[in-house]
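**Student:** Fold the following.
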Amino acid sequence: ATGDIADDAITSAKIADDAITSALIADDAVVTAAIADDAVVTAAIADDAITNALMADDAVGVAQLSASGTASSSTYLRGDNSWATVSTTDTKPFRNLLINGACQVNQRGTSTGISESGYYGPDHWNFIEEGSIGTWTISQDTEAPAGFHYSYKAECTSANSSLGAGDILSIGQRLEGQDLKHLLKGTSDAVSLTFSFWLKSSATGTYVVELYDSDNVRSIGQTISVGNTNWNKYTCTFAGDTSAGDPFTHDNNASLFAKVWLAAGSDYTSGTLNTSWNNKVDANIAVGQTNVSASTNTVYFTGWQLEVGSSATDFEYRSYADDLFRCQRYLYCIKGGTYDRWGYAYADSTERARAMMFLPTPLRASPTVTTNNFTVNENSGGTTACNYNDNLDAGLCEITYTHGSGVFSVANMYQAFFYGGGGYLYLTAEL
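**Tutor:** Got it, this is the predicted structure:
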């Protein structure tokens, strides 16, 4: 009987390898308590001994995984057996609502002697100057923080230390209403927006950051404190505008203006800053703003990003080709030196020749044409226009060159080219 066998009478060495088979072992003969902690090792388990069918549904859970880190609803298991948090760089593409945020596209080049509003330097960034706020040079510059190569540089070359009451100075970007439907503005579900950018300025102090709804004349603002002259990243989050009946208009016109103020007269600083969405009141827009034009100051911007949500994600880098394509919706330009040819024009009268231009993308609207040293058949002094409306969706436009002296022969083809250095033809459809 079992009681007649000493505890150590039967050892592994006395048992033949095939003496004990599965058929000789009762179903409940071997229980977990009878197995020593180190009795079963990996080397003793055949490759196909444990299959899915032999494992209970909940036999292996997170607690049984020997991974480093902490498992949670916001982490995932990496291939190196560690729990990791999803990085902000893994967020969805096209989240940046702004174009040319890294200031890498610069079709116009440097502009000097600037004392009025317009588009200068890096594409699609709007320089707003009203009143006597000095003279500026706007350019693309290689002064930039880590991770960026270019910046938007605004250099005050002629200062104005005394602002008029109605003077304003700001830099920002306008967005088309048809691109903003997902913001749900004017509903109870209106989403928050986060505006982030890198700024380096020789003028420390308080700067106002504003979102302006030009469709409904409403605005919201915040202040940032520029405490040094180094590169710093600034982030402002704005609540969604839930005011009923105030959505953005769904069209190709400007609806939202995201901007940073640089100077403001008393007409814009004498009230209380609009820190929630309200109907625009001039006195409440730029309260506390430092006057950057008080001396020959220089400011640099780059890494502009406007996105849905209450926090800033890492900057969404785009290729140069992608940014250029987006910018060409608002500005298409051809540049050339002396006798550089860009096409041919057909004379439909003795005074006018026409040339078709195929654009890389449809322009936002019928453009304004600006030229320098542009001619057809060496007949300088003519006027250039663009017929675009009939071909808007096709991305085509017709350039007409008219000369009053009757220099063309009807039905002839003529070369179109630049007759001097610094020649260009701009088709502008900015907001």
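**Student:** Tell me where the stretch 1-150 of the chain has strands.
**Tutor:** Taking DSSP state E, counting those that start in this stretch as the criterion, the stretch 1-150 of the chain carries its strands at 75-77, 83-85, 111-114, 118-119, 126-130, 135-141.
**Student:** before we move on, what about the stretch 151-300 of the chain?
**Tutor:** Shown for the stretch 151-300 of the chain, the strands assigned by DSSP E, counting those that start in this stretch span residues 151-158, 168-176, 193-201, 205-213, 218-226, 232-238, 254-264, 278-279, 298-308.
**Student:** quick one: which of these is nearest residue 101?
**Tutor:** Comparing these by their distance to residue 101 (C-beta to C-beta), the top pick is strand 298-308, with 4.1 Å. Every residue, glycine included, has its C-beta placed from N, CA and C.
**Student:** if we look at whichever helix or strand comes after that closest one, which residues are touching it?
**Tutor:** Scanning forward in sequence from strand 298-308, with DSSP states H and E defining helices and strands, the next element found is helix 320-327. Applying C-beta atoms under 8 Å, 6 or more residues apart in numbering, the set of residues contacting helix 320-327 from outside is 99, 100, 102, 104, 105, 107, 123, 124, 360, 361.
**Student:** Hmm, residue 218 is touching residue 248, no?
**Tutor:** No: because the distance of 10.6 Å does not satisfy C-beta atoms under 8 Å, residue 218 is recorded as not touching residue 248.
**Student:** Which one's more surrounded, the two?
**Tutor:** In this view residue 218 and residue 248 are compared by other C-beta atoms under 10 Å, and residue 248 has more residues nearby, 25 against 19.
**Student:** Distance-wise, check the more buried one relative to residue 254.
**Tutor:** Taking C-beta to C-beta, to the nearest Å as the measure, residue 248 and residue 254 are separated by 10 Å.
**Student:** Now list whatever residues contact both of those two.
**Tutor:** Here residue 248 and residue 254 share the contacting residues residue 177, scored by C-beta under 8 Å, 6+ apart.
**Student:** confidence score at residue 254?
**Tutor:** Residue 254 carries a pLDDT value of 98.
**Student:** Can you name the residues bridging to it?
**Tutor:** Beta-bridge partners of residue 254, counted by DSSP bridges, are residue 176.
**Student:** How about the contacts made by it?
**Tutor:** Under the criterion of C-beta under 8 Å, 6+ apart, the neighbours of residue 254 are 174, 175, 176, 177, 214, 431.
**Student:** In JSON lines, list the residues you listed along with neighbour count and distance to residue 332.
**Tutor:** As requested, those are arranged in JSON lines below (neighbours: other C-beta atoms under 10 Å; distance: C-beta to C-beta, whole Å):
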{"residue": "174", "neighbour count": "19", "distance to residue 332": "18"}
{"residue": "175", "neighbour count": "21", "distance to residue 332": "20"}
{"residue": "176", "neighbour count": "19", "distance to residue 332": "17"}
{"residue": "177", "neighbour count": "20", "distance to residue 332": "22"}
{"residue": "214", "neighbour count": "19", "distance to residue 332": "25"}
{"residue": "431", "neighbour count": "19", "distance to residue 332": "15"}
